[in-house]
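In: what shape does this take:
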Amino acid sequence: MTDRLMLLDSASLYFRAFYGVPDTVRAPDGTPVNAVRGFLDIITRLVTTYRPTHLVACWDDDWRPQWRVDLIPTYKTHRVAEVVASCPDVEEVPDPLEVQVPVIREALGALGIRIVGAPAHEADDVIGTLASTAAMPVDIVTGDRDLFQLVDDARDVRVVYTARGMSNLEVLTDAAVVAKYGVLPQQYADFATLRGDSSDGLPGVAGVGEKTAAGLLAAHGDLAGIIAAAEAGDGMTAGVRAKVLAGLPYLAVAPQVVAVVRDLPLDVADPRLRPLDEAAKADAAALAERWALGTSMARIIDALDTV
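Out: Model (predicted):
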């Protein structure tokens, strides 16, 4: 089997699992485990469908890094439950999901699946670094469009996009990104900067939507080219030029927020997937019994037996 690395945008997937499985699924002590079971089922489906040989669950050690907030104060503001001065702000997470996150981590550990995060950085940045430095093909699993900037046919980096549900997964290559948005993957971060993203609190350039952003990038190549053309009064209508010039203070800082970090100093133990030995299977079975993970744990153990 050809080596292939799969990178999970873990929070994106366990949120999807939480909302996709009824919260009536509970452990004997009453703790909800719908997100745990759903997350394990998602991994089983991914492993059996795409056959990765290596897998990393990428983690938000800081879901809203201060350095991004310093650049764009509105960044993810609408998702802040509590501002904390000396450490990452508390994200608004439903209580029945929050109690399951430690169980998810425990289950991944029992299965030998590596969890990787980085201080002051999001899972996106971990994914960006691992995808950019991998010596093998990469599949990035996410419901986040920001990671389209990492798609790269030349390096065989794809995004498995989950936004339409696990039964309608979409594999994004260079051509798929162009077909969706009219821009190349390497232009996607500039495209997202111009367009903005209300789900992340990024305002974008006022009056510039997807069609205009794509047209500007087609004409001028990148954000620097667009700004140079606007300042020269060349290659765009007077109205669009005025919008770009009015947005210059935002455009001076937003690209650093939108671009994923690709050079974190990560120390990742070997993430190769392996069948569990008998002792590990017994430990996983005990964990499954304690948390009522049932067939979800059994199925993923069986899937690992085939790698």
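In: buried sites along the helix or strand where L46 lies?
Out: Using DSSP states H and E, L46 sits in helix 34-50. Using 16 or more other Cβ atoms under 10 Å as the test for burial, helix 34-50 gives 34-47, 50. Just so you know, the C-beta spots here come from the backbone N, C-alpha and C atoms, and that holds for glycine as well.
In: repeat that for stretch 206-219.
Out: V208, E210, T212, A213, A214, L216, L217.
In: redo those as TSV? Include distance to L71.
Out: What follows is those, written out as TSV (distance: Cβ to Cβ, whole Å):
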residue	distance to L71
V208	19
E210	23
T212	23
A213	20
A214	24
L216	22
L217	22
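In: filter those down to the ones in helices?
Out: E210, T212, A213, A214, L216, L217 (DSSP state H).
In: hang on, the earlier thing: what sits up against whichever helix or strand comes after the helix holding L46?
Out: Using DSSP H and E, the helix or strand that follows helix 34-50 in sequence is strand 54-58. Applying Cβ atoms under 8 Å, 6 or more residues apart in numbering, the external contacts of strand 54-58 come out as 3-10, 43, 47, 108, 113-117, 123, 126-127, 130, 136, 268, 271-273.
In: so for the next helix or strand after strand 54-58, mean pLDDT?
Out: Going down the chain from strand 54-58, the next helix or strand is helix 66-71, by DSSP H and E. Taken as a whole, helix 66-71 has a mean pLDDT of 96.
In: and the residue nearest to W63 when sequence neighbours are not counted, what are its bridge partners?
Out: For W63, ignoring the flanking residues on the chain, the nearest one in space by Cβ to Cβ, 6 or more residues apart in numbering is E91 at 5.1 Å. Beta-bridge pairing for E91 (DSSP bridges): V80.
In: if we can go back for a sec, the helix holding L46 to strand 54-58, inter-axis angle?
Out: Comparing the axes of helix 34-50 and strand 54-58 via axes from the mean of the first three to the mean of the last three Cα atoms, to 10 degrees yields an angle of 150 degrees.
In: how distant is helix 34-50 from the center of its chain?
Out: Taking Cα atoms, centre = their mean, to the nearest Å, the mean C-alpha location of helix 34-50 is offset from the chain mean by 16 Å.
In: run the chain-centre distance for the lowest-mean-pLDDT helix or strand in the chain.
Out: Lowest by mean pLDDT, DSSP states H and E among the helices and strands of the chain is strand 90-91, with a mean of 79. Relative to its parent chain, strand 90-91 has a centroid offset of 17 Å by Cα atoms, centre = their mean.
In: so which elements touch it?
Out: With contacts defined as 3 or more Cβ pairs under 8 Å, 6 or more residues apart in numbering; DSSP states H and E, the packing partners of strand 90-91 are strand 80-82.
In: pull the residues that contact the strand it packs on.
Out: R64, D89, V90, E91, E92, V93.
In: ok, which stretches of this structure are strands?
Out: Secondary structure of the chain (DSSP state E): strands at 5-9, 54-58, 80-82, 90-91, 114-116, 138-142, 157-161, 170-172.
In: select, out of those, the one closest to G239.
Out: Nearest to G239, of all these, is strand 170-172, at 32.2 Å by Cβ to Cβ.
In: number of residues surrounding the residue found closest to L40 once you drop the neighbours it is linked to in the chain?
Out: Nearest non-adjacent residue to L40, counting by Cβ to Cβ, 6+ apart: S296, 4.3 Å away. Other residues within reach of S296 by the criterion other Cβ atoms under 10 Å amount to 25.
In: quick one, phi psi at D60?
Out: phi -80, psi 90 (degrees, to the nearest 10).
In: and the gap between P137 and L5?
Out: Per Cβ to Cβ, to the nearest Å, P137 is found 7 Å from L5.
In: actually, V244.
Out: Separation of V244 from L5 (Cβ to Cβ): 38 Å.
In: quick one on the thing from earlier: now render the ones in helices among the buried residues of stretch 206-219 as a markdown table, adding pLDDT.
Out: Shown next, in a markdown table, are these (pLDDT from 0 to 100):
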| residue | pLDDT |
| --- | --- |
| E210 | 97 |
| T212 | 97 |
| A213 | 98 |
| A214 | 98 |
| L216 | 98 |
| L217 | 98 |
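In: of all those residues, which comes closest to A154?
Out: A154 lies nearest to L217 out of these, by Cβ to Cβ, at 19.4 Å.
In: circling back to that earlier point, give me the number of residues near the residue nearest to W63?
Out: When neighbours are counted by other Cβ under 10 Å, E91 registers 15.
In: show me what contacts it?
Out: W63, R64, R79, V80, A81.
In: for the nearest residue to the third one once chain neighbours are set aside, grab phi and psi.
Out: Across the structure, with Cβ to Cβ, 6+ apart as the measure, the residue nearest R79 apart from its sequence neighbours is E92 (5.1 Å). Main-chain dihedrals, E92, degrees, to the nearest 10: phi -70, psi 110.
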